[in-house]
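Undergrad: pasting the sequence and the predicted coordinates here, then a few questions.
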2 protein chains.
Amino acid sequence: MKKRFLMTPGPSPVPSFVRESLSQEIMHHRTSEFQDILKETHEGLKQVFCTDNPVLIFSSSGTGAMEAAVGNLFSSGDKVIAVNGGKFGERWTEIAKSFSLEVVEMHVEWGASPSSEELKSILNSNKGVKGVLTTLCETSTATVYDIEGISKITKENGVLLVVDAISGLGQDVLLPDAWGVDAVVSGSQKGFMLPPGLSFISLNNKAQEAVKNSNLPKYYFDLNKALKSYQKNDTPFTPAVSLIVGLQEAVKAINKEGMESRWSNFKKMSLATQEGIKALGLKVFSKRPSASVTAALCPEDIKSSDLVKKLRKEYGLSIAGGQGNLKDRIFRIAHMGWINEQDLIACFSLLEKVFKDLGYKFKLGSSVARIEEVLYD
Amino acid sequence: MKKRFLMTPGPSPVPSFVRESLSQEIMHHRTSEFQDILKETHEGLKQVFCTDNPVLIFSSSGTGAMEAAVGNLFSSGDKVIAVNGGKFGERWTEIAKSFSLEVVEMHVEWGASPSSEELKSILNSNKGVKGVLTTLCETSTATVYDIEGISKITKENGVLLVVDAISGLGQDVLLPDAWGVDAVVSGSQKGFMLPPGLSFISLNNKAQEAVKNSNLPKYYFDLNKALKSYQKNDTPFTPAVSLIVGLQEAVKAINKEGMESRWSNFKKMSLATQEGIKALGLKVFSKRPSASVTAALCPEDIKSSDLVKKLRKEYGLSIAGGQGNLKDRIFRIAHMGWINEQDLIACFSLLEKVFKDLGYKFKLGSSVARIEEVLYD
């Protein structure tokens, strides 16, 4: 028997009080009982998103909400800048191209954060750009982008800013209203402590105006329909009732703790993870590490995919390897949602055990000791 | 305290053995453990769909899979016939128009089944039709369409036949391979005994060929991507893990009982429901009643919306009212998924109580007695 131990950047663990709510008897979605749940959840989601704007819920993975953003904020042939510094930036490019937008890619070195100055100059040399598509936490490189800096540029230039906060929301600070982010996308299976299956999008007034003018084909992800239903605490199509009942519980718990408190806890866990990695003689991969997930370069003679497999197979621990060019080079440890400080200690303890088995030289106990210093001192 | 008593055509009740599986600890989706679940579920779904073709799973409501069919089987400007005899036929028209298809609507009287002869003549007088979009059980009128008859016409004419079996699958007989249905769409919250949140689409070879040639914009519902992932028992995007774990259990249970047996049970429940309605002095609305749901005309001086509200508010029983023009005229009782014969008896018992309270004249006990005769004799 092995405990299932999840330290991946989505799905991340779901607390038992949420899991239990998922197994409740199903209720009909066109009832005042369910409308009350949606109403409370809509209000709660605003707090989690740090916005006064509506946050719409879709039954889909996070990618569905990314498609909703592209398909509803722009029109055929519109020019957008997609910030591509990892797998999820790449996804923005792919979606935008699928919907016949003209995509100017802003390539960012993997592990780095996009420079606002460079974005400014790209905007200057490309007339008629309608929007910028970027990422809060680029999960594939465990890098948090400077959305505050980016939003200054997009505001100055009057272009829409759309942020994929699927893995970052809840851990990495994001203040859409204060900074001027027009649309924020997220998903249920990371900071929200839920199983995958729900996605979210918040839209400010400027974004809601853009929705009215978009001519791209859409039906399931039609934000005009979704906004209309939202006003009545309803959904255009049958919602994933059980997941929304779970969402109500999760959002309540998150808001009881408060976003500020959660941000500072995850920031601390992120710092502790970075220090734990260094204590093992390894390097943190990202130049601007996220508070949601940390990436480390694997020792040169060990493939990170082997490390990941061995941890899962022998100990039930799931961490993430690298994606794309980083496949065998990095491993990634999440600190998001329901993952806590002691999970981090246990994860590094197993990491030490498996590194030892793989013949990597380091002082046993060094990473957990260092992490305790950061967390408990 | 009131028991929550669900007799609506989706969401329909979820058995406890499925609900309990939903509350399991979450697992990562890129693991052999989850791949094994997907593999078994993919095989099981083929049995439920009565097909040898792949059945793809999406995280979305059933409407998402309808969009997947339209967006992947056709190209811009393609001519399709949408069979519109109720709210869900209407939805085919709306989706196809959203994706810039040329839609020839075949209007069918609400409550009637489309005539194959009429379809034939519409096909003859419209050159270049690429596909026919229709419904197995038109939920809004509780009518089952003659898909076998329709498929003969579409096969003869070499056009694609796409069937929305969202509410019908599991109760109304559908033999896609034997009849020549090219694509079948369904959803989790009806015959599958699951919460809403998953949708399905099966594609035969002809449909898979069409997918390769479609030029419509898509990303989340891209069937090329989904088919590729399917071969590896994987999904293009993070799947709704907990719902798929539930699906594995539900599909296993359905196949243990067998489709033939389930079809005949629901057929019998449908007949019993019709007889119960007649025993109350009321009329069955549909000319071709579905095995999934039955619609009855409400007594003239009672609005069915009042009946529905009173049943829910005072007794916790959810049945469905009418939609569109039928809003206050009909009420609908589901017999699908996890609803059994005794649920039907209990439902009619409450119906009698409320009809009595509303001053409608009939002999108390008459419907439940008649239903018992049909079911137990």
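TA: Cool, the structure landed. Numbers count the residues shown, from 1 in each chain, chains lettered A, B, ... in the order given.

Undergrad: contacts for whichever helix in chain A runs longest next, please.
TA: Counting residues, the longest helix in chain A under DSSP state H turns out to be helix A:259-279. Taking contacts as CB atoms under 8 Å, 6 or more residues apart in numbering or on different chains, the residues outside helix A:259-279 that touch it are A:47-48, A:50, A:170-173, A:254, A:283-284, A:289-292, A:294, A:296, A:333, A:335-336, A:339-341, A:344, A:348, A:362, A:366-371, A:373-375. Every C-beta, even on glycine, is put in place using the N, C-alpha and C of the backbone.

Undergrad: next secondary structure after that helix?
TA: Note on helix A:259-279: by DSSP states H and E, the next helix or strand toward the C-terminus is strand A:293-297.

Undergrad: what about that next one, average pLDDT?
TA: Here strand A:293-297 scores 98 as its mean pLDDT.

Undergrad: which positions within it qualify as buried?
TA: A:Val293, A:Thr294, A:Ala295, A:Ala296, A:Leu297 (16 or more other CB atoms under 10 Å in any protein chain shown).

Undergrad: just curious, which of the residues you listed is nearest to chain B?
TA: Checking the buried residues of strand A:293-297 against chain B with CB to the nearest CB, the nearest one is A:Val293 at 14.0 Å.

Undergrad: the closest one reaches A:Ala142, doesn't it?
TA: Yes - taking contact to mean CB atoms under 8 Å, the distance of 4.6 Å between A:Val293 and A:Ala142 places them in contact.

Undergrad: any shared contact partners between the two?
TA: Residues touching both A:Val293 and A:Ala142 (CB under 8 Å, 6+ apart): A:Pro9, A:Arg332.

Undergrad: spell out which parts of the stretch 251-377 of chain A neighbour chain B.
TA: A:Arg312, A:Ser318 (CB under 8 Å from any CB of the partner chain).

Undergrad: relative to B:Ala334, how far out is whatever residue of the stretch 251-377 of chain A ends up closest to chain B?
TA: Nearest to chain B in the stretch 251-377 of chain A, going by CB to the nearest CB, is A:Ser318, at a distance of 4.6 Å. A:Ser318 sits at a distance of 40 Å from B:Ala334 (criterion: CB to CB, to the nearest Å).

Undergrad: compare those two (neighbour count), which wins?
TA: Under the criterion of other CB atoms under 10 Å in any protein chain shown, the comparison of A:Ser318 against B:Ala334 puts B:Ala334 first, with 31 against 22.

Undergrad: pLDDT score assigned to that one?
TA: B:Ala334 carries a pLDDT score of 98 in this model.

Undergrad: so it is in contact with B:Gly10, correct?
TA: Yes - B:Ala334 is in contact with B:Gly10 according to CB under 8 Å; the separation is 7.5 Å.

Undergrad: overlap in contacts of the two?
TA: Shared between the contact lists of B:Ala334 and B:Gly10 (criterion: CB under 8 Å, 6+ apart) are residues B:Lys190.

Undergrad: nearest spatial neighbour of A:Glu105, skipping sequence neighbours?
TA: With CB to CB, 6 or more residues apart in numbering or on different chains as the criterion, A:Glu105 has its nearest non-adjacent residue at 5.1 Å, and that residue is A:Asn84.

Undergrad: dig out what that neighbour forms beta bridges with.
TA: Listed beta-bridge partners, A:Asn84: A:His107 (assigned using DSSP bridges).

Undergrad: distance of it from chain B?
TA: Computed with CB to the nearest CB, to the nearest Å, the distance linking A:Asn84 and chain B is 16 Å.

Undergrad: how near is that residue to A:Ile122?
TA: Taken as CB to CB, the spacing of A:Asn84 relative to A:Ile122 amounts to 12 Å.

Undergrad: the more surrounded of these two?
TA: More crowded of A:Asn84 and A:Ile122, by other CB under 10 Å: A:Asn84, with 24 against 18.

Undergrad: tell me the pLDDT at the residue of the stretch 201-350 of chain A found nearest chain B?
TA: Ranked by CB to the nearest CB, the top residue of the stretch 201-350 of chain A for proximity to chain B is A:Ala240, at 3.3 Å. As predicted, A:Ala240 sits at a pLDDT of 97.

Undergrad: and for the closest residue in space to it that isn't next to it in sequence, the neighbour number?
TA: Taking CB to CB, 6+ apart, and ignoring the residues beside it in sequence, A:Ala240 has B:Gly197 as its nearest neighbour in space, at 3.3 Å. By the criterion of other CB under 10 Å, B:Gly197 has 32 neighbours.

Undergrad: understood, closing this out.
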